[in-house]
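Asker: The following comprises the amino acid sequence and a computationally predicted model.
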Amino acid sequence: MSVSHRLKAWPSWAAMFVVAVALLAVGSTRDSGPLNPGDRIDAISRRVACPVCDGESVFESRNPASEAIRAEIRASVYDGVATDDEILSAIANSYGGKVLLVPSSSGFDALIWALPAAGLMIGLVGLWFAFKRWRAEASALGVPTEGDYDLVEQAREQHRGTSDD
């Protein structure tokens with residue numbers, strides 16, 4: 001690979017590195033969490049789906065089932081014994097795992113969310129190797145000769161002759 005080609009490719013790699021670092025920085029920083037019990041109740045309620053409604057969280061829904069879950073969350077928060085994750089686990093155990101809008105970050109749920117990302121990364125690495133190999137094979141062929149251009153022109157003429165019929 002020539003030096004000029006490497007210099008031309010450098011800014012795009014640097015830009016991808018900056019974007020990756022920025023995404024990792026944003027993804028790894030977390031909010032310190034709600035400051036008071038009301039905020040905590042709202043935050044937990046937003047992570048639980050209404051068991052009766054379609055597409056609504058317990059926070060948004062005014063269904064009696066959602067009201068009961070909110071009351072359960074409120075009681076658990078004001079007891080002050082359970083963490084947010086423990087409250088969510090208790091609700092998931094009571095109503096089933098489908099009631100959680102945000103999957104847990106461990107176990108089978110984490111695997112389900114990680115597999116597509118891993119597949120994407122493996123696919124991108126595979127494409128990188130394929131393009132690298134194709135580039136090496138193309139450069140090994142050398143510069144096209146006049147004979148190569150003549151063959152291509154003959155093939156084009158032959159194709160034009162058969163497509164007119």
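Answerer: Perfect, thanks for sending it.
Asker: Return the distance of stretch 57-71 from the chain's centre.
Answerer: 29 Å (CA atoms, centre = their mean, to the nearest Å).
Asker: hang on, I meant stretch 128-142
Answerer: Relative to its chain's centre, stretch 128-142 lies at 30 Å (CA atoms, centre = their mean).
Asker: what residue is smack in the middle of the chain?
Answerer: Nearest to the geometric centre of the chain sits A117, at 5.8 Å (CA atoms, centre = their mean).
Asker: which regions of this structure lie under the pLDDT threshold?
Answerer: By pLDDT under 70, the weakly predicted segments of the chain are 1-8, 28-35, 103-106, 109, 163-165.
Asker: Which strands and helices lie in contact with the lengthiest helix in it?
Answerer: What stands out as the longest helix in the chain, according to DSSP state H, is helix 107-141. Helices and strands touching helix 107-141, as assessed by 3 or more CB pairs under 8 Å, 6 or more residues apart in numbering; DSSP states H and E, are absent. C-beta: built from backbone N, CA, C; applies to glycine.
Asker: Report the angle between the helix or strand just after that helix and helix 107-141.
Answerer: Once helix 107-141 ends, the next helix or strand along the chain (criterion: DSSP states H and E) is helix 146-163. Orientation check (axes from the mean of the first three to the mean of the last three CA atoms, to 10 degrees): helix 146-163 against helix 107-141 gives 110 degrees.
Asker: how many neighbours does A43 have?
Answerer: A43 has 16 neighbouring residues, counting by other CB atoms under 10 Å.
Asker: and A49, how many neighbours?
Answerer: For A49, the tally of surrounding residues (other CB under 10 Å) stands at 21.
Asker: Oops, could you answer that again for D84 instead?
Answerer: If you count neighbours by other CB under 10 Å, D84 ends up with 17.
Asker: Okay, it and G126: tell me how far apart.
Answerer: Per CB to CB, to the nearest Å, D84 is found 40 Å from G126.
Asker: With V143 instead?
Answerer: Taking CB to CB, one finds V143 at 29 Å from G126.
Asker: How about the backbone phi and psi for V81?
Answerer: phi -90, psi -40 (degrees, to the nearest 10).
Asker: Now for it: which residues touch it?
Answerer: By CB atoms under 8 Å, 6 or more residues apart in numbering, the contact list for V81 is empty.
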